[in-house]
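Colleague: Generate a structure from the sequence data that follows.
(chains A and B)
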Amino acid sequence: MPGKTIAEKIFSRAAGRDVFPLERVWLDVDLAVVRDFGGPNVVLEYDKQFGNTCPAHPDKIAMTFDYQAPAKVTKVAENQRICREFAAQHGIKSVYDVQYGIGQHVLLERGRVLPGEVIVGTDSHMNLLGAVNAFATGCGTTDLTAAWKTGKLWFKCPPTFKVIVNGSLSSPTGAKDLTLFLMNKIGTDIANYRAVEFYGEAIDNLDLAGRLTLASHMTELNIKIPFFSHSPSVHSWLEERAGRKIEPIEADADAAYEGVLEYTVEGLRPVVAAPHYPTNVLPAGAEGVVGQKINSGFIGSCSNGRIEDFREGAEILKKAGGKVHPDVRLIVTPSTKEVAIQMLHEGLYDIYMEAGAMVTNPGCSLCTIGHHGVLPKGDVLISTSNRNFEGKLGRGGIIYLGSPAVVAASSAKGVITDPSTL
Amino acid sequence: MKFKGKSWVVPDDIDTDQIYHGQYLPVTDPHEMAKYALTFTPGKENFPNEVSEGDILVTGKNFGCGSSREHAVICLQYNGVSCIVGESFSRIFYRNAVNLGYPVLECPGITKMVTEGDEIEVDLDSGLVKNLRTGKTITGVPLSDVEAEISNAGGLLEYLKTH
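Modeller: Take a look at the predicted model:
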């Protein structure tokens, strides 16, 4: 019998027997998370189906309010209340309310996500938790209702592709550029429903923030879950957060892969994803891209909302003259309260606000239309988020995706700008 | 299970914001969700008013990519769309449909043999799809064992009552 991939190891542990690719199995769920979007639908369905009976494991349920935080319409306020009341009724202690920030990031910071765990949530980017080799996946409300009641859920064990990324990145090219480069190369078809394991020099060099950036784009390639080469620094951060020693999870040397893809990012320059697909990737300096007038910029989201991202943006903003262009509205949103506090301590709020940017409270911000800063028809946004689908932030709004460096440089110049040319 | 109905056709990569836009996410009533189905899909802005009970949706590749919102399935279900036949589906959309016991059939090649408005017949169990206007047939990929069990039970929550 060949060795196991990371996905096969996690599935086998959670199923209590050897599991092979494409098998459908019921797994024990370690954490079942709802947001203020989806969450109320789960609670209402749960009450309808199961009345007052208690969930299987209240300690394995978490709620994170980041869709519209704090609520700006009463319907969302009611939805959040529905969730809070359910939590109080059933002794669910892990309610990370509107002040905390983006759910997955909050759960990571609080040591609630560990390698090898099975996690589900009402967010299609749950799989960014693959950044720490947890198996996490976005689900609908029916799935979450069932997982709360039974503690289990059905899954198909994904086959795995090995993706090797060689070369090293040199600033201001960073993890976002590597990510968008791979998005364009891999596309939405070849790894559909697959797990991927990332290896190679460029991956080994990614810190947690960089791994989160790459992992948070996998949904857009239809990749079920990404996993990563072992990183001693990420692992010790996780142990510190969990407050105990934890076992890393790695693939066996003789694991069987469906395929191997190999790329190099040596010499890569900053790129953007042009409208309306995240895979529509072009050099930031390409004709037809560079010089494109923009109306707004956004640094934040579950892709690029870590302290490292805001440091990068601030550095480039300073290099580009320290001021946001008068025709541009730059919105800066820390992913979590912890990141916001660190930004304060490092003086990053001052840099952004004095430059003319707007720093908002933690949350998903301009990743959904639920938040402030949505687009009128014809406006162009350059964003560090992970989706630029047509109409996402308002009918007729146009979205480019890029790194914090690209967004900062472009926001300073008023037009899409390759930060390496500053 | 067999379905016969008039077809609606949408192209590749229709994402969940086009099926059910994020601005309607706070909605929890499925009848209200139905009012917004496909209204952000170019050319289908008036779909909820024009669709009839029993119509069938034919989609391009990667239908339902994007968000995990189950609203995207429910809004079609509550418009009386009897089933969806697609070149391929995004994973979460497909899973949500199975969990709701809502008929979906993956059928590569379907968009090449159906023009919007054609009457088609879908046999979910065998995967056979027939275009009643042209007489042409094509075979899709029926649900696998576990998925079929869940779907045939009426969805995941019904399934759990007996398993």
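
Colleague: Pull up the pairing partners for the longest strand along chain B, direction included.
Modeller: When chain B is parsed with DSSP state E, its longest strand is strand B:2-10. Looking at strand B:2-10 with DSSP bridges, its partner strands are strand B:56-59 (parallel), strand B:119-123 (antiparallel).

Colleague: the strands in chain B, which residues?
Modeller: B:2-10, B:56-59, B:83-86, B:104-106, B:119-123, B:128-131, B:137-139.

Colleague: Around B:A153, count how many other residues there are.
Modeller: Using other C-beta atoms under 10 Å in any protein chain shown, B:A153 has 16 other residues around it. C-beta here means a position set from N, CA and C on the backbone, and glycine is covered the same way.

Colleague: Tell me, how many residues neighbour the nearest residue to it once chain neighbours are set aside?
Modeller: Ranked by C-beta to C-beta, 6 or more residues apart in numbering or on different chains and with sequence neighbours excluded, the top spatial neighbour of B:A153 is B:Y159, at 3.8 Å. The number of residues packed around B:Y159, counting by other C-beta under 10 Å, is 20.

Colleague: picking up where we left off before, with mean pLDDT and distance to A:L344 added, can I get the strands of chain B in JSON lines?
Modeller: Listed next are the strands of chain B as JSON lines, based on pLDDT from 0 to 100; distance: least, C-beta to C-beta, whole Å:
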{"stretch": "strand B:2-10", "mean pLDDT": "98", "distance to A:L344": "47"}
{"stretch": "strand B:56-59", "mean pLDDT": "98", "distance to A:L344": "47"}
{"stretch": "strand B:83-86", "mean pLDDT": "98", "distance to A:L344": "48"}
{"stretch": "strand B:104-106", "mean pLDDT": "97", "distance to A:L344": "49"}
{"stretch": "strand B:119-123", "mean pLDDT": "98", "distance to A:L344": "58"}
{"stretch": "strand B:128-131", "mean pLDDT": "98", "distance to A:L344": "59"}
{"stretch": "strand B:137-139", "mean pLDDT": "98", "distance to A:L344": "60"}
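
Colleague: For those strands, please prepare CSV with the additional fields mean neighbour count.
Modeller: Formatted as CSV, those follow (neighbours: other C-beta atoms under 10 Å in any protein chain shown):
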stretch, mean neighbour count
strand B:2-10, 19
strand B:56-59, 26
strand B:83-86, 26
strand B:104-106, 24
strand B:119-123, 20
strand B:128-131, 20
strand B:137-139, 15
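
Colleague: Indicate which one of these is closest to B:L38.
Modeller: B:L38 lies closest to strand B:2-10 among the strands of chain B, at 7.3 Å (C-beta to C-beta).

Colleague: thinking again about what came up before, neighbouring contacts of the longest strand of chain B?
Modeller: B:38, B:41, B:44, B:47, B:51-52, B:54-60, B:63, B:81-83, B:103, B:111, B:114-124, B:132 (C-beta atoms under 8 Å, 6 or more residues apart in numbering or on different chains).

Colleague: How is chain A divided into domains?
Modeller: A:26-155, A:160-264, A:272-421 (automatic domain parsing).

Colleague: For A:G3, find the nearest of the ones you listed.
Modeller: Of those, nearest to A:G3 by C-beta to C-beta is domain A:160-264, at 2.5 Å.

Colleague: Contact residues of the stretch 301-422 of chain A facing chain B?
Modeller: A:T368, A:I369, A:G370, A:R387, A:F389, A:E390, A:G391, A:K392, A:R395 (C-beta under 8 Å from any C-beta of the partner chain).

Colleague: Quick check: the two most widely separated of these?
Modeller: It's A:G370 and A:E390 that sit farthest apart of those, by C-beta to C-beta, at 17.9 Å.

Colleague: neighbour count winner among those two?
Modeller: Comparing A:G370 with A:E390 by other C-beta under 10 Å, the one with more neighbours is A:G370, at 24 against 19.

Colleague: Could you report the separation of that one from A:N41?
Modeller: Distance check for A:G370 against A:N41: by C-beta to C-beta, to the nearest Å, it reads 15 Å.

Colleague: hang on, the earlier thing: wait, which of the domains of chain A is closest to A:S12?
Modeller: So among those, domain A:26-155 is nearest, using C-beta to C-beta, at 9.8 Å.

Colleague: pLDDT of that closest one, averaged?
Modeller: The average pLDDT for domain A:26-155 rounds to 96.

Colleague: quick one: the helices in the chain?
Modeller: Using chain A here. A:6-15, A:39-50, A:74-90, A:103-109, A:141-150, A:175-186, A:201-204, A:208-215, A:232-242, A:307-319, A:337-345, A:348-355, A:404-413 (DSSP state H).

Colleague: if you could check chain B rather than the one you did, that'd help
Modeller: Per DSSP H, chain B carries helices over the ranges B:16-19, B:30-34, B:47-50, B:71-77, B:91-99, B:110-113, B:145-152, B:156-162.

Colleague: This completes my enquiry, with thanks.
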